[in-house]
Structures are given as structure tokens and as C-alpha cells.
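S.K.: give the three-dimensional model of this entry:
(chains A and B)
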Amino acid sequence: MTTSLLVADARTKKRNAAEKRFQAYGLSAIVVAMLALLVLLISVLFNGLSSFQQTFITMDIALAEDRVDKQGNRDPAEMAKTTTIGYNSLLRDALIATLESEGLTTDLSNKDIANMISKESSATVRNRVLANPDLVGQTVTFDVLASGRIDGFFKGDVTLESAALDQNTSPEALMLAQELADRGVMETKFNWNFFVWPDASVQRPEAAGLGVAILGSLYMMIVVLVLALPIGVASSIYLEEFAPKNRITDIIEVNISNLAAVPSIVYGILGLAIFINFMEFNQSSPLVGGLVLTLMTLPTIIISTRAALKSVPPSIRDAALGVGASKMQSVFHHVLPLAAPGILTGTIIGLAQALGETAPLLLIGMVAFVREYPAAYTPEAGLFGEASTALPVQVFNWTQRSDPAFVERASGAIITLLVFLLIMNAVAIYLRRRFERRW
Amino acid sequence: MQSLTTPLLMIFALAVVGYFVAKSRALKVAGGDIRTLVSLPNQHALNTALATIVPPAAAVLLFALYGRLTDGGPNWFFTLVILGLGITGCALSLIGIKTETRARTYAERWIMGLLIFASTIAIMTTVGIVFSMLFETFNFFGQYDWRDFFFSLSWSPNFRGNSDLGIIPLLWGTLYVSVIALLVAVPIGLFAAIYLSEYAGPRLRAVAKPAIEVLAGIPTIVYGLFALITVGPFLRDYFAEPMGFGQSASSVMTAGVVMGVMLIPFVSSLSDDIINAVPQAMRDGSLGLGATKSETIRQVVLPAALPGIVGAILLAASRAIGETMIVVLGAGAAARLSLNPFEAMTTVTVKIVSQLTGDTDFASPETLVAFALGLTLFVITLGLNVFALYIVRKYREQYE
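M.R.: The predicted structure is shown next:
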């Protein structure tokens, strides 16, 4: 029984098959991971891109004096007595007039027609009239928001079937909207206001925006940058360049690597107990959020700064010491500038992490419904002390609301957040490529 | 705090003035020839500025702490002490300017103090975390029996009092979600790491490694939304309902699978490092004896890297246990002891969020229980981390 060496025996075949299988497992693991990333991104994009568009009704509104300025003296204080309810009927009549001029007839009651317009629109029109009383008496062309259901219809989220079961709209209203869209009265177009408007109430998804959240996130990033960067760099310099090797510095080091792995929600509890209950800072303020995120980002910044300092060769320090610099001078004048690109990269990555963090902010009250743009400084609330929300928290907030139109908004907010993160990481990669030196 | 702003601004102005006065005074002392000075005028100036600012700043921190502890607002005494410290520091350092004054050494001592202070903030954070939770946990156990907390099998908070606050259903949900997450993340992450470090060519590596790492950079709220709007309904419509497991979109499975995806980069990048640390000579020896590549990996590389990989898995497990947003949006809110993975269950972190964001009285056990939960979570994750870091560190030294 002799077999040729050129013919693989059963055992060799089995081993080779095992080899093939093993490779296939490895490759499929990579494929699965990349597919997961792809599905994640596509699902968010698919759900969220439509939130950047909004349906508007273009109509001429007759701002009759007897409706908006009963006193007739153009005094904004007097005119403010006409509430948004008064403007609601004004808008309704304008839409009915538009329908007539377009030659459209409908069985809808006046109330149903009014329901096609967002409740937010009357406030928008009212604010514009109050800001500019000269408009009274004229007929002005406004782009007003259509209601959330009409908007959902043009985005494919609301269908004639679902509208039949819905109290807030009806198939007839949707057909009428389609007619209006065909005539160019209604149009779905890009909506910058999504990034500018504050959050809106539960019934008005069409008017909800990210303005307050973006501002709050920006304030928190400023706090984090101003606190975490100097503290992180200072403590890394001490630990890397000056600290003697002893029990205490050992404890600090172990401590920092453990802090990096503490669940983020624990930092939220810390913020609630120390900054809000003990120090009595304002709840839901960007200051407290920034402080909590600072403590959370510090380990990241310290770890990357120490790596950057470590990568500066000792010859640089020796040369500085050799010409008479003190240890402190050698570090601040020579080592630190050379480590700066690495430190900056680490800081940006830490900031990106902080920007996307949600859980600790929930605990310090940033889920609150905030419609007022927070001021950076007020004498009563102090620096960054006014209530605010943040981008990721706004996403969470919107997912908790029952109206499905808010899911679209939440995905849109996620896309905005991811774009910010992408920019920050791209800057970090650019800085690393451009300035990093290999010794 | 408000009335301390003015004295602090005054101190800052004094420091700026002191900086320039010190500089000109040093030049005057030198008589125009700075070679006679031991320290440069700039160093005298820096010393004066630091001596003016640092002691009052430290005093402000202490006073803020003291004011909070005694519930007293800032008063004229604080203001006086702060201004006094600043003026004394400024004056003393200005008087001390002589040709032989070692201003550089003095200035560096101030800076060193600041550096040391900065590096103690990490310690203070840990102390803050532990104390803030310990304090409220003691309050909680004063109102609620600790045996009920640790051993009761039911969790049903009732805002009129008489709640059942047993941690076991929450721990069960946490463990169940984490186990599913690890079942997803460990095989995928490990195989991906093996393939990338042992088989993949440079081109695939250049694409796949960053792509997997992107997964680590995505905020958890994004994963949470993904679980809520995509994975949850998908699992419900194609698995849970046809197989008769229930109709819940939020389930242990949803949260577990999405969290598994989140953990893939953790497992893979840590394992990658560890596999790369196995010396090439061990591979060469095995290949030289005629083993195939996969036999080498399974019988030589992996056993050698095993302790490190276990460490990586433990780190991933601690991440899974402490994860919040994915379970808040994906796992549901009902505390349940059940084996069905398609049923909604809840975790420790979900309950921390829900107990602390509700409108309840802060001193009630229903709110305070969140601190006890937080402390339990902290202790568990800390234990896992310390153990994992110990294993990883020990393993790294083995081949160095």
C-alpha cells in the first residue's frame, strides 16, 4: 500500500480543510463587524435624512387691523394682547382663501383645515408682526409650517390608510395637501431651522429643533476644554517628568487607569451628589455638565498626554539640561512643544468622547424641556449657569415621545452629532499626520 | 461665591501689575547690567505673579469648601484674608528682589505645587465618587433593610412607600444582557483580531482595522437608537413573534446584540495587541515542525496569549455591565426574573437613571436606592477592572 506524496492523504486533506475553515471564520468575523457598521450607519441615515426637510405652506396672509391690532395704535404692548389663538383663525382664513383662489373645493370643516397648519406657525407670524408693527394692514406672503402629519405624508411616514385611523388628520386632508403641493402652494424643502429652533412641545414635532441642544453642547465643550486640558497636561507632566517612583505616585497611576474604566453613569451620580446637592450649582446647567464631563475626560487626556511626553526622546531633555536649563525649563521650553501635536490629538479625541456622552447628563437634569436659549453669562445664574440640554440628551428625549415624527427628529439629531464627531476626528487625524514626528 | 469674584479679579490685576513692577525692579537692582543678576528679570516677574495669585486661589478653594460645609455664605472675613494673602505675597516677593535672589527656583516651586495639585485631582475624583455614594447609601440602608436589598427577588418601587427594592432581578437582567453581548463580541472580535494579525495583507488591514475602530468611536446613544428603531423591531418581527417568544421589541436580545456590536472593537483591538506580543520564534518553531498556520494559532499562539485575552474579555464585560444608553433604549424597564431572551428586562443602570430622573422626594428610599445601585455597580466594575488590568500587566511582562 504505497501512496504518492503528490496525492494528499485523508489526514492532510482534513488538516487543510480545517485551515481553510479557520481562515473563513476569521474573514467572516471581519465581514460581520463591517456589515454591522454599515447597517448601523445606513439605518440612521435612512431614518434621519428626511428631518433636514420640512413642508411649508406659502400663502398670503391679510394682517387686517381689526384682527391683530384692535386699538389701532401699532403699540407692540397693546398688540401682544392678541394671543396665538387669535392668529390661529387668521392663518386658517388665509389658507381657506388660498384654497379658493386655487379653485379647490373640499368637504373638510374649517377646524380640519386649520389643523393642516402647524400650531407653531401662529406664534411665528405673531412674533414677526410684533417685531414689525408696520406690517399691520398689509397682505404679507409667509412660508408657514405645515402640521406634522402633512409633513409626514410628504416624507412617506404617514399614509392614507394610517390617516384614516388618526385623530389628528384624515385622508381627505392629505389628498388636499397633495393638490396644494401639485399647485406649488405646499413645498417640502431644506430646513435650516432644524439647527436653530429650540425644542418644541410633544404635539408639534414639525417645529422641534436642535438650537438649544447645540448651544448647550458647545458651552459644555468650552468648559471641558478650559478645565480638562490644563489639568490633564499638568498632571501628566508631573507624573511623567517629576514624580518620584513611590507608593503614592503608584496609587495615582493605578487610580487613573481605573478611572478610565469607571462606567460613565457613575460620574453622573458623582455630579448629582457633589456639584448639585453639595455645591448647589444650578441643575441642568452646562457648567455642571461640563464639570462632570471634565472629570470623565481627564483620564483619557492624561493617558494620551503621557504617551506623547514619553515619545519625546531623552536626548532633548539632556541637551536642554546640558546648557544649563532647569528641569522645569527643559520640560516647558522643549519637551512640551514637541509633544503638543500628540497632546492636541488626544484632547480632541477626549472632547469627541465627551460630546457623545449621554448617561451622566441624564442624572444632572439635562433632560429637562428647555425652550429658552441659554445665555453664556447672567448675573443671577453665573457663568454657563442657565438650564440647557445637550445634543445626545436631546436624542434620548425625542425617543421617549410617543409621536413617531420624533423618531425622525432623533435620527436627524444623531446625524448632526455624528457629523460633529467626524469633523473632530478628522482634525485629530490631520494633526497627527501633519505634525507628528518619529524619532 | 458671588462676592468672591471681585476680590479674585483684584488679585488678578495685582498679579499683572506685580509682574511688570518686579521686572523693572529687577532691572533697577541690576543697575542696567542683567549679567549681575542670578535670575533673569522675567523669572523675578513670574515669581511675583505666582506668589500673588496662588495663595489666594488656594484660599478661595478652601473657603468654598468650608462655606458649603458650614452652610455660611462668603463674608468680609474671607475677602479680607484673600486680599491680605495676595498683597503679602506680592509685597514679600517684590522686597525679596536682589541680585543674588534665586527667583527661578522659587517660581519653579510654585509651578511644582500646581502640577502636584493637578495630579491629585484624579485621586479626589475617586474619593468623591466613593464618598458621594457611600454617604447616600448609608442613608438608604437607614430606611431600608440591607438584607431585603440584596436578597429580595422582587423590584417594584411604589411612590407611596412600601416598595420592594430587591437588586437581584436587576442584576439578573444586567448579567443576561452582558452574557449575550459577550457571546456576540468575543467570537467576532477574537476571530477578527486573529485574522487581522495573522492572515490579512496590508491592504485589508488598512481598511478593516480603522473600520472596526470606528465602531468604538460611535456614541452609545447612537447604538441605543439603532436598537430602538432597527434591531428591536427586526428581532420581534422575524424571531420573537414567529417562534412564539413574545411581542416585545425591547428585549434582552436586542440590547445584548447591539451591545455586542459595540464591544467588538474592544475585544479585537486589545486581543490584537496581545497576539502581536507573542514572540515570532514560537510561531516559527511550530511551523517548522510541520503544523499548519491554523494549528499554530490554535495550539501555540492562543494558549500563549490566553491570559491576556481573558483580561481583554473581562474589560469588555465590565464595559457591558456599566453600559447605560443601549439598555435604557433597548432592554426595557420591567424588572423580571425570566429566561426568555426576547422578553423585556431591566438592568442596574436603567434603574439608576429612572430612579434619579423621576419627580420624587430626594430623601425617599425610592430615590436613594439609586446610590446603593451605583455603589454596587462601581464595586463590581472596579473589581473586574483591577483583576483584568492585573492579568494583562502580568502577561505583558512575561515576554518582555
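S.K.: and the strands in the stretch 1-150 of chain A?
M.R.: All strands of the stretch 1-150 of chain A, identified by DSSP state E, counting those that start in this stretch, fall at A:53-62, A:139-145.
S.K.: give me every residue in the stretch 251-400 of chain B lying close to chain A.
M.R.: Contact residues (CB under 8 Å from any CB of the partner chain) of the stretch 251-400 of chain B with chain A: B:261, B:264-265, B:268, B:292-295, B:297-298, B:315, B:318-319, B:321-325, B:328-329, B:349, B:352-353, B:356-357, B:362, B:370-371, B:374, B:377-378, B:381-382, B:385-386, B:389. Quick note: C-beta positions are derived from backbone N, CA and C, even for glycine.
S.K.: of the strands of the stretch 1-150 of chain A, give the one that comes closest to chain B.
M.R.: strand A:53-62 (18.7 Å; CB to the nearest CB).
S.K.: and the closest one, which residues are buried?
M.R.: Residues of strand A:53-62 classed as buried by neighbour count (16 or more other CB atoms under 10 Å in any protein chain shown): A:53, A:54, A:55, A:56, A:57, A:59, A:61.
S.K.: quick check: mean pLDDT of that strand?
M.R.: Per-residue pLDDT values over strand A:53-62 give a mean of 86.
S.K.: parallel or antiparallel, list what pairs with it.
M.R.: strand A:139-145 (antiparallel), strand A:186-190 (antiparallel) (DSSP bridges).
S.K.: how about residues contacting it?
M.R.: Contacts with strand A:53-62, where a contact means CB atoms under 8 Å, 6 or more residues apart in numbering or on different chains, come from A:90-91, A:93-95, A:97-98, A:116-117, A:125, A:139-146, A:150-151, A:154-155, A:180, A:184-191, A:193-194, A:206.
S.K.: so among those residues, which ones count as buried?
M.R.: Neighbour-count burial (16+ other CB under 10 Å) applied to those gives A:90-91, A:93-95, A:98, A:116-117, A:125, A:140, A:142, A:144-146, A:150-151, A:154-155, A:180, A:185-188, A:191, A:194, A:206.
S.K.: separation between residue B:185 and residue A:20?
M.R.: Distance of residue B:185 to residue A:20, given as CB to CB, to the nearest Å: 25 Å.
S.K.: tell me which of these two has more neighbours.
M.R.: residue B:185 (28 against 12; other CB atoms under 10 Å in any protein chain shown).
S.K.: so the more buried one is in which element?
M.R.: Element membership for residue B:185 (DSSP states H and E) is helix B:168-194.
S.K.: what helices or strands is that helix leaning on?
M.R.: Judged by 3 or more CB pairs under 8 Å, 6 or more residues apart in numbering or on different chains; DSSP states H and E, helix B:168-194 is in contact with helix A:10-48, helix B:252-276, helix B:302-322, helix B:348-357.
S.K.: buried residues in the helix or strand hosting residue A:411?
M.R.: Assigned by DSSP H and E, residue A:411 falls within helix A:405-435. Residues of helix A:405-435 classed as buried: A:405-418, A:420-421, A:424-425, A:428, A:431-432 (neighbour count, 16+ other CB under 10 Å).
S.K.: repeat that for stretch B:59-67.
M.R.: B:59, B:60, B:63, B:67.
S.K.: which members of these occur in helices, if any?
M.R.: Members of the buried residues of stretch B:59-67 lying in helices (criterion: DSSP state H): B:59, B:60, B:63, B:67.
S.K.: ok, of those residues, which one's closest to residue A:347?
M.R.: residue B:60 (26.5 Å; CB to CB).
S.K.: please name the nearest non-neighbouring residue to the closest one.
M.R.: Spatial nearest neighbour of residue B:60, excluding adjacent residues (CB to CB, 6 or more residues apart in numbering or on different chains): residue B:4 at 5.8 Å.
S.K.: ok, now residue B:274?
M.R.: Using CB to CB, 6+ apart and skipping the chain neighbours, the partner closest in space to residue B:274 is residue B:308 (3.5 Å).
S.K.: give me the pLDDT value at that neighbour.
M.R.: pLDDT recorded at residue B:308 is 86.
S.K.: and if you look at residue A:108?
M.R.: You'll see residue A:108 listed with a pLDDT of 79.
S.K.: neighbours of it, just the number please.
M.R.: When neighbours are counted by other CB under 10 Å, residue A:108 registers 18.
S.K.: find the nearest non-adjacent residue to it, please.
M.R.: The shortest distance from residue A:108 to any non-neighbouring residue, by CB to CB, 6+ apart, is to residue A:172 (5.7 Å).
S.K.: so where does the one you found fall, helix or strand?
M.R.: Short version, using DSSP H and E: residue A:172 is in helix A:171-182.
S.K.: now that helix: buried residues?
M.R.: For helix A:171-182, burial by neighbour count (16+ other CB under 10 Å) applies to A:173, A:174, A:176, A:177, A:179, A:180, A:181.
S.K.: which residue ranges make up each domain of the chain?
M.R.: Went with chain A since none was named. A:53-207, A:211-435 (automatic domain parsing).
S.K.: ah, I was thinking of chain B
M.R.: Here the domain parsing of chain B from automatic domain parsing is B:2-139, B:155-398.
S.K.: now distance to residue A:359 too, for those, in TSV please.
M.R.: Below are those laid out as TSV (distance: least, CB to CB, whole Å):
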stretch	distance to residue A:359
domain B:2-139	15
domain B:155-398	4
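S.K.: with respect to burial, which of the ones you listed scores highest?
M.R.: domain B:155-398 (a mean of 20; mean count of other CB atoms under 10 Å in any protein chain shown).
S.K.: run through the stretch 301-400 of chain B and note the low-pLDDT ranges.
M.R.: B:359-360, B:396-400 (pLDDT under 70).
S.K.: what residue in it comes nearest to chain A?
M.R.: For the stretch 301-400 of chain B, CB to the nearest CB, closest residue to chain A: residue B:322, 2.5 Å.
S.K.: ok, the closest residue to that residue other than its chain neighbours - contacts?
M.R.: Using CB to CB, 6+ apart and skipping residues adjacent in sequence, the residue nearest residue B:322 is residue A:263, 2.5 Å away. Contacts for residue A:263 (CB under 8 Å, 6+ apart) come out as A:359, B:318, B:321, B:322, B:323, B:324, B:349, B:377, B:378, B:381.
S.K.: among the residues you listed, which pair sits farthest apart?
M.R.: Of all the pairs that the contacts of residue A:263 form, the one spanning the most space (CB to CB) is A:359 and B:318, at 15.2 Å.
S.K.: hmm, residue A:119 is touching residue A:91, no?
M.R.: No - the criterion here is CB atoms under 8 Å, and residue A:119 misses it with residue A:91 at 9.7 Å.
S.K.: intersection of neighbour lists for the two?
M.R.: Both residue A:119 and residue A:91 lack any common contact, where contact means CB under 8 Å, 6+ apart.
S.K.: low-confidence ranges in chain A?
M.R.: Using pLDDT under 70, chain A drops low at A:1-2, A:439.
S.K.: who in the stretch 1-150 of chain A is up against chain B?
M.R.: In this structure, the stretch 1-150 of chain A approaches chain B at residues A:15-16, A:18-19, A:21-23, A:25-30, A:32-34, A:36-37, A:39-40, A:43-44, A:47, judged by CB under 8 Å from any CB.
S.K.: which of the residues you listed count as buried?
M.R.: Neighbour-count burial (16+ other CB under 10 Å) is assigned, among the residues of the stretch 1-150 of chain A next to chain B, to A:15, A:22-23, A:25-27, A:29-30, A:32-34, A:36-37, A:40, A:43-44, A:47.
S.K.: picking up where we left off before, can I get the strands of the stretch 1-150 of chain A in a markdown table with distance to residue B:14?
M.R.: Shown next, in a markdown table, are the strands of the stretch 1-150 of chain A (distance: least, CB to CB, whole Å):
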| stretch | distance to residue B:14 |
| --- | --- |
| strand A:53-62 | 55 |
| strand A:139-145 | 56 |
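S.K.: one step back: how about the contacts of residue A:263 in CSV, adding distance to residue B:82?
M.R.: Shown next, in CSV, are the contacts of residue A:263 (distance: CB to CB, whole Å):
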residue, distance to residue B:82
A:359, 38
B:318, 44
B:321, 46
B:322, 41
B:323, 45
B:324, 41
B:349, 43
B:377, 41
B:378, 37
B:381, 41
